[in-house]
Structure formats: C-alpha cells, structure tokens
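K.L.:
Take this sequence and fold it.
(chains A and B)
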There are 2 protein chains.
Amino acid sequence: MRILITGAAGFLGSHLSDRLLAEGHEVVGMDNFITGRPENLAHLAGNPKFTFIRHDVSNYIFVPGKLDAVMHFASPASPNKNSPVGYVNLPIQTMKAGALGTHNTLGVAHAHRARFLLASTSEIYGDPLVHPQTEDYWGHVNPIGERSVYDEAKRFAEALTMAYHRFHGVNTAIVRIFNTYGPRMDIDDGRVVPNFVKQALSGEALTIYGDGAQTRSFCYVSDLVDGIYRLLVSSEHDPVNIGNPVETTILEFAKTINSIIGNQGGVAFLDNERTEGDPQQRRPNISRATSVLGWEPLVSLDEGIRKTIPYFQQQLDAA
Amino acid sequence: MRILITGAAGFLGSHLSDRLLAEGHEVVGMDNFITGRPENLAHLAGNPKFTFIRHDVSNYIFVPGKLDAVMHFASPASPNKNSPVGYVNLPIQTMKAGALGTHNTLGVAHAHRARFLLASTSEIYGDPLVHPQTEDYWGHVNPIGERSVYDEAKRFAEALTMAYHRFHGVNTAIVRIFNTYGPRMDIDDGRVVPNFVKQALSGEALTIYGDGAQTRSFCYVSDLVDGIYRLLVSSEHDPVNIGNPVETTILEFAKTINSIIGNQGGVAFLDNERTEGDPQQRRPNISRATSVLGWEPLVSLDEGIRKTIPYFQQQLDAA
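P.N.:
This next block holds a predicted model:
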C-alpha cells in the first residue's frame, strides 16, 4: 500500500511511519512542524519508500500519485497549559487541524477511494462518568471549557468521518487513542510520563498535583501502533478504543519510576493545578479491539518505562 | 450599527433582519439558499438599509464596508429525516456551515472588531439527562450518531467561538436556541408545529409518534428574536439559553391545535419512528436570560399558534 500519514513528525506519526515501512508499505509523511519535530523522522532520510511533504493540513491537500490509505494524525495533542505546544496555547490551529484537516484528508481519501483512518482520542469521553469507557459511551465534555478546543475538534472529526462514511461511502476507521508513552515523546511536553522520568533522572522529587489518587492507564507506543495497524488493515468502521486497561494511581506510578531509576528524591505533593477539565480517571474498555482486531497490549508498564528511559536520558544530555 | 447576518433567508434569519431594520440598523444579509428561501426576504427588496449577498459561508467571506456586528445563523436546521432540507440529508454542508462557516464569520468579526453572535442550539445538550437545561450542563450527545452532523458542528462552533474570544479577544456571544415556531417556517420542514397545523388545516388526524407523552417547549419567533437582540446589544460572552420554558406534552399540544383550528380529525398514534437521538424531553432554564438580559417570553402558545396559522394556510392555498 501507499499511505499518506499526516502528523508524521509527531510522536505517534513517526512510530506509525516506521511500522508501515517495516510492513513493506510506501509512506508519504506530512507535517507542518508546529508541534511535530524533524528529528523524529531524521532516520528516514534517504529511505526510498518514504516521501515527506511539509504542509499544513488545514489547507487544501494535494499528493501526487495514487494513495491506498490516508491516516489523519496531525494535531497538537499535549494538554499541558505551560507548554508552547500545548493545545490550549494553539487553540485555533488545534480546531483547524480537527475540522479543516479532517475535511481535507477525508477529501483525499474519497478522491483516491482509499481507506481513511482518523486518530481520535479518549478525550472525546471528556471527564467520564462511566468506567472503564466503552465505545458506546457518549462522553462528558464541556463544550466551552478551555480543553474544548481539542475535545470538540476530535468529536467533530469523528462526526465528519462517519458522515463521509454514511453519505459518500468512504471506507473509514476511527481509533480512540488513550494515554501512550515511549521514545520520541517530547520531554518538555508536560505529560506525566516525561515529567516524572525527567525529574527522576535529575534526582528531583516527582511532582504530584493533588493527592495522587487520580488514576491513569498508560500504553506503550509499540502496543498502540500495533493496534492501529490492525485497525488499518481491517474493514472496521465504528470507533475502536486502543489503550492499556491496566490502571495505576499517579502515586503508585511515581513510586514505580523512582524505583526503576533508583531516584532518592521521593515525591512532592502540590496543590491541584490541573488543567480545567483534566479527568480524574480514564481507562479503556478494550473488548472491541480484542474481539474485532485480535489485539491486546503486551508491554508491561515496567518494561515500557525501561525502554523509554534511554530516550529521555539522551534528551537531557543534549540539553 | 451595520450588521452581517448569515442565513438571512432562513426562518430565524429573516425575522432577525426585520427586527434589526426596525431598530434602525443596516443589515447585510447572506445566504446560499440551500435551505433558506428567497421569499422570506422578498419584502425587503428595495429597502435601502438592506443589502443581500448570495454566498456560501463555508467559503472565504468578503463584505465591502465596515461592520459593527456579525450574526452567524447559516445552517441547515431541520431534524426531519424525510425532508430534503433536513440536516441528516445535508450532512457535509451542515458540518461545513458549523466549522468553516463559523471560522470564516469569526474571521470577519475579528477583522472588523465587530460583535459576533453565534446561533447555537439546544441540540448541543443532545438527549439531556438534566431537566430543565441550564447553560452549565455539558450535554449528552452521541458523537457518531446520525444527528451528530448538526449537534457536533454546533458544539464545535461554540468551542471555536470561545477560542476566538479567549485567544483573539473577539467580542463574542452565543445564543442556545430552543424550539421556535412562527410564520416563515417551511410547512414541509417536518417539525411538529408545521406538521400538526398542516394536518389540522387539512382536516386530518394529527400524527403522534409514540404515546405522545414526550414533551416539548415552543417559543414564538418574536419572543426569540427579542431575546437574541438583547443579547446582541449586551456585553455577555457566555452562552445564554433563549426559549420558552413552558412545557407541554405532544398529546396536549395536538389537542390544543385541533381545538384552535376546529379540526375534527383527532389524533393518530404511530409507532415511534423518531429520528435516532430525538430527545424525549428538552426545556430551557432561562434564569440567565432573565437576569442578564431582562428577557422572558411574552407570547402564549395559544396566541402564537393563532398568529402562525394564517401563514401555513397561505402556504397550503398556494400549493
């Protein structure tokens, strides 16, 4: 297959590009680098099966040659308020990537009769009132909250994707991605994995907002990519959750990181300064992924963290 | 003021144009007539304070001259599955009006430093789990349901409006419009008021889907327009519900119509063929509108229906 992937220079987009190339496919990567980073694709320079187009997906997209699949992964994705690449600091770009970007990429898929795969998110469930979340849960999102620039953009993107499927017969798929971590995550992106690992590698106390009882579930990137690849080559149209259902409290997680790294800095509890609307708990129900795609995550949190540490160490050394 | 109103040839847009002109303002009306009807504006031909631009809001908007306000009312709005102008039959146009149209009209407001008013809807509450709905209710919407092309487009439009307010300092307002009726509603639009009045005027039984215990609240168009005008000239930024909180069951409502018109056809109960996601109950809490805008509806259902009948009678006679 020849596959267009938008957001190719992002954390997930670059790993997906690697996987697609490893499966023997041709990849056309697209990114405008507002949050994606060229170094994530540096190792693909010179690969004859990889082409790169620098382009903003919110503008009309033209790709020369035939495409068999279009994967729309372009969007700011960090909820970190204090990061310049956090979506609350790129609100219009985030909404354009979700609306115009999805519209344009669906148009490409339609024109090429290609399989379309939308990168959606657990954020469409918002601050969920149901645990764990199944795909038929409608979510609990504040339409005018600060995070709505991301959440509503992704909900809109899902609705538009289904509209193209129902109305234009486009062969669409939607993956709802839960928290993922691994190499190529920006160490300053503000999410809990890079934050904790950075602090632990620096010998500092791990900063916990609130009492640490809020839970998260973390999926290692190779597991996530495998689930997405299975969805791509399936004929599924309805949304599929991909994520790791093993739930851990933030406090437990901090202790695990400290123990793996051997950090003596302990933890520090700060007043809750979470981004407005940051969910207390979110965990995927992956029954659909298992039954429809035969997928389940294989990498334990311990193993995944060990695989990720060298990358963060490298970033710290380079800084 | 000089005011751009998109969707000016629609039911609400045309009444708003009349009200703005009556208040002494200049109006630039815009419509592409995919659901709006030229006859709704026919009486304004030759009015020196009214200009009309035929244009699709999902394409870049240019309006010559200075604007003081932009009101974005363009969108298919009928939930009727069986009507060619129902939004489920215009899914892509509906989503484009909500996303690209809102983006473009916000851009115009930003460039002109104009007040922006978004026509949002009670549909953003979806099939609500809270009654009556206050503005801080987050709603209950199926992001991939058939109606999501409208609901999610409007939620996206709200989120984008707030993003322009927060990020670009645009002076925005959001009105959440509940069920409204009155002259210039399309008699074939499939909503309950035109359906019932048409059937009653034809001496037929009024068709009730289900047992008729589902409730609705209906606002007469002059009340709605008054609330929207007050919001326009206020400095309010957060969403405001405008609608009539008097709740009536569909069965009671049918009996009222039959009695006003003197129809002997009675009612007929049909199996529930409601559009998927059609809410069982929706009723505005209007405390904010009352406290912030000094607004409340004045026209009773009985009075409003009597004022509306001649228009439907005319449409029937013309057909």
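K.L.:
And the next helix or strand past the helix or strand bottoming out on mean pLDDT in chain A?
P.N.:
Lowest on mean pLDDT, DSSP states H and E among the helices and strands of chain A sits strand A:215-217, with a mean of 88. The helix or strand immediately downstream of strand A:215-217 is strand A:219-220, counting by DSSP states H and E.
K.L.:
who touches that next one?
P.N.:
Residues from elsewhere that reach strand A:219-220, judged by C-beta atoms under 8 Å, 6 or more residues apart in numbering or on different chains: A:178-182, A:242-244, A:297, A:299, A:301, A:303-304, A:307-308. From N, CA and C alone the C-beta is placed, and that goes for glycine too.
K.L.:
still on that earlier bit, now the least confident helix or strand of chain A, how far from the centre of its chain.
P.N.:
15 Å (C-alpha atoms, centre = their mean, to the nearest Å).
K.L.:
on contacts alone, who are the packing partners of that strand?
P.N.:
For strand A:215-217, the elements it packs on are strand A:247-249, helix A:250-261, judged by 3 or more C-beta pairs under 8 Å, 6 or more residues apart in numbering or on different chains; DSSP states H and E.
K.L.:
dump the residue contacts of the nearest residue to residue A:153 once chain neighbours are set aside.
P.N.:
Once flanking residues are discounted, residue A:153 sits nearest to residue A:98: 2.7 Å by C-beta to C-beta, 6 or more residues apart in numbering or on different chains. Going by C-beta under 8 Å, 6+ apart, residue A:98 touches A:75, A:150, A:152, A:153, A:154, A:156, A:157, B:156.
K.L.:
any idea how far residue A:98 is from residue B:269?
P.N.:
As for residue A:98, its distance to residue B:269 is 43 Å (criterion: C-beta to C-beta, to the nearest Å).
K.L.:
likewise residue A:270?
P.N.:
Residue A:270 is 60 Å from residue B:269, where distance means C-beta to C-beta.
K.L.:
that older thread, among the contacts of strand A:219-220, which are located in strands?
P.N.:
If you go by DSSP state E, the contacts of strand A:219-220 have A:180, A:181, A:242 in strands.
K.L.:
How many neighbouring residues does the first one have?
P.N.:
By the criterion of other C-beta atoms under 10 Å in any protein chain shown, residue A:180 has 24 neighbours.
K.L.:
Then the second one?
P.N.:
Residue A:181: 23 surrounding residues under other C-beta under 10 Å.
K.L.:
In this structure it contacts residue A:308, no?
P.N.:
Yes. With contact defined as C-beta atoms under 8 Å, residue A:181 and residue A:308 form a contacting pair (6.1 Å).
K.L.:
what do the two both touch?
P.N.:
Common neighbours of residue A:181 and residue A:308, counting by C-beta under 8 Å, 6+ apart, are A:193, A:220.
K.L.:
how far out from the middle of the chain is stretch A:285-300?
P.N.:
Centroid displacement of stretch A:285-300 relative to its chain, using C-alpha atoms, centre = their mean, is 17 Å.
K.L.:
is it up against chain B anywhere?
P.N.:
No. Applying C-beta under 8 Å from any C-beta of the partner chain, one finds stretch A:285-300 separated from chain B by no less than 13.3 Å.
K.L.:
Name the residues that touch that stretch?
P.N.:
With C-beta under 8 Å, 6+ apart, stretch A:285-300 has contacts from A:132-135, A:219-220, A:222-224, A:226-227, A:230-231, A:234, A:236, A:238, A:240-246, A:307.
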